[in-house]
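S.K.: The following block contains a protein sequence and its predicted model.
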Number of protein chains: 2
Amino acid sequence: MATEALIERILAAGDGPSESAIDALHELLDDSTIEASETPKSVAEAARLVGLSTHTLRYYEQEGLVRPARNASGYREYTALDLRRLVFLTRMRLSGMTMTDLKRYIQLVEQGPSTIAERRRIMLDQRDRITRQIRELGLALEATEYKIRVYDGHPEG
Amino acid sequence: MATEALIERILAAGDGPSESAIDALHELLDDSTIEASETPKSVAEAARLVGLSTHTLRYYEQEGLVRPARNASGYREYTALDLRRLVFLTRMRLSGMTMTDLKRYIQLVEQGPSTIAERRRIMLDQRDRITRQIRELGLALEATEYKIRVYDGHPEG
DNA sequence: GCTTGCTTTCAAGCGCGCTCGAACCTTTAG
DNA sequence: CTAAAGGTTCGAGCGCGCTTGAAAGCAAGC
């Protein structure tokens, strides 16, 4: 099976400067660097940073996924912690976790440490889903590269 | 960045007997083995083989993605070639290609070799999308495994 | 010939995750 | 004072990819 080699090549290619907004965000806000800036962000700034729309951020709040503070005039203020959670949320969403499951998970988080066992269980399931998806993407990648080789005149096979 | 190592472990784990219906299908119908059985399949059999519902198969036909022959009484008969195409379609769908793009691509395929340049272009785009997705899944996997480690009492960190 | 289980077509419905628009408020610049 | 650019809430709308249901035809066993 050639999947491993393909994936390795892709990941190697990913080491350079990142191309997508999501990548940039993930570098910017990765666990190690996030505490640096202390001033809270407006909804528009937060949206830009995490690569979502302001509408979506408000929607997430409505669904209970994040609870930014408000200033004197009712404007949302996203702290570094809020942004971290948003990054986590986008990663989970991008990896196919449903809103329903995510809401359940966040609910457990806000209930405190007594829910850790269930949270762990959810993350284990999530890990399985992600690994399965990666395998499926590997197959899709093979199919795609096969087509490309054929269209290129299959010079080596 | 630990992504590479994670992915390698996952892919290594994928070498054993496959677990999902999709995996089984992909082994069963991979480019090398498909020509063996000659008798066409009913819509229900085809659906079972490719892991879709009969409704979805009819929907795909309606959308022009596949054109199984019909027998004397109007029943669909899926040949090995039809099944191959369905496998390709499911791989593209699972990797996030939209129905619209897939319809466009199949349209080009049915127009013959003059459209190869555009088909190649579409596959190149698709490859880019898949590699980006794999990178995103790597990040999601890291986040997920991090949580699991924390819930396990972060014994090594 | 009847029943059971498949098949057909067609149109309507649906669940998810946003996305948009309206009506109104706050802040900043000129 | 005014205009422009941001913010607020609320409820309705939407696009995608199926999914379902109705009404009817065909195949095989008893």
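M.R.: Structure received.

S.K.: Helices of chain A, start to end?
M.R.: Here chain A has its helices, by DSSP state H, at A:3-13, A:21-28, A:43-50, A:54-62, A:80-94, A:99-110, A:116-151.

S.K.: Adding mean pLDDT and mean neighbour count as columns, could you present those in CSV?
M.R.: (C-beta placed from N, C-alpha, C; glycine too.) Output for the helices of chain A, formatted as CSV (pLDDT from 0 to 100; neighbours: other Cβ atoms under 10 Å in any protein chain shown):
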stretch, mean pLDDT, mean neighbour count
helix A:3-13, 46, 16
helix A:21-28, 44, 16
helix A:43-50, 97, 18
helix A:54-62, 98, 15
helix A:80-94, 97, 20
helix A:99-110, 97, 15
helix A:116-151, 96, 19
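
S.K.: Just put the ones you listed in a markdown table and tack on distance to residue B:57.
M.R.: Shown next, in a markdown table, are those (distance: least, Cβ to Cβ, whole Å):
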| stretch | distance to residue B:57 |
| --- | --- |
| helix A:3-13 | 27 |
| helix A:21-28 | 34 |
| helix A:43-50 | 39 |
| helix A:54-62 | 34 |
| helix A:80-94 | 29 |
| helix A:99-110 | 28 |
| helix A:116-151 | 19 |
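
S.K.: separation between the residue positioned nearest the centre of chain A and residue B:139?
M.R.: What sits nearest the mean C-alpha location of chain A, by Cα atoms, centre = their mean, is residue A:91, with 1.4 Å. To residue B:139, residue A:91 is 6 Å away according to Cβ to Cβ, to the nearest Å.

S.K.: And residue A:55, by the same measure?
M.R.: Residue A:55 is 24 Å from residue B:139, by Cβ to Cβ.

S.K.: With residue A:132 instead?
M.R.: Residue A:132 is 17 Å from residue B:139, by Cβ to Cβ.

S.K.: for residue A:139, same thing?
M.R.: Residue A:139 is 21 Å from residue B:139, by Cβ to Cβ.

S.K.: what do you get for residue A:73?
M.R.: Taking Cβ to Cβ, one finds residue A:73 at 36 Å from residue B:139.

S.K.: again with residue A:110
M.R.: 24 Å.

S.K.: again with residue A:138
M.R.: 17 Å.

S.K.: Same check on residue A:43?
M.R.: Counting by Cβ to Cβ, the gap from residue A:43 to residue B:139 is 24 Å.

S.K.: before we move on, what about residue A:137?
M.R.: For residue A:137, the distance to residue B:139 - Cβ to Cβ - is 14 Å.

S.K.: likewise residue A:86?
M.R.: In terms of Cβ to Cβ, residue A:86 sits 14 Å off from residue B:139.

S.K.: Likewise for residue A:126?
M.R.: Residue A:126 is 13 Å from residue B:139, by Cβ to Cβ.

S.K.: do the same with residue A:123
M.R.: Residue A:123 is 15 Å from residue B:139, by Cβ to Cβ.

S.K.: With residue A:92 instead?
M.R.: Counting by Cβ to Cβ, the gap from residue A:92 to residue B:139 is 10 Å.

S.K.: got it, and residue A:49?
M.R.: Applying Cβ to Cβ to residue A:49 and residue B:139 gives a distance of 15 Å.

S.K.: Please list the residues of chain A that sit near DNA strand C.
M.R.: Proximity of chain A to DNA strand C, by Cβ under 7 Å from any atom of the strand, involves residues A:53, A:55-56, A:59, A:71-74, A:93, A:98-100.

S.K.: Those: which two are farthest apart?
M.R.: A:72 and A:98 (36.4 Å; Cβ to Cβ).

S.K.: Who has more neighbours out of these two?
M.R.: residue A:98 (10 against 5; other Cβ atoms under 10 Å in any protein chain shown).

S.K.: State the pLDDT value of that one.
M.R.: Listed pLDDT for residue A:98 reads 97.

S.K.: Can you pull the phi/psi pair for it?
M.R.: Backbone torsions for residue A:98, taken as degrees, to the nearest 10, come to phi -80, psi 160.

S.K.: just to revisit the earlier point, the residue nearest to the centre of chain A contacts residue B:138, correct?
M.R.: No: Residue A:91 is beyond contact range of residue B:138, at 10.0 Å (criterion: Cβ atoms under 8 Å).
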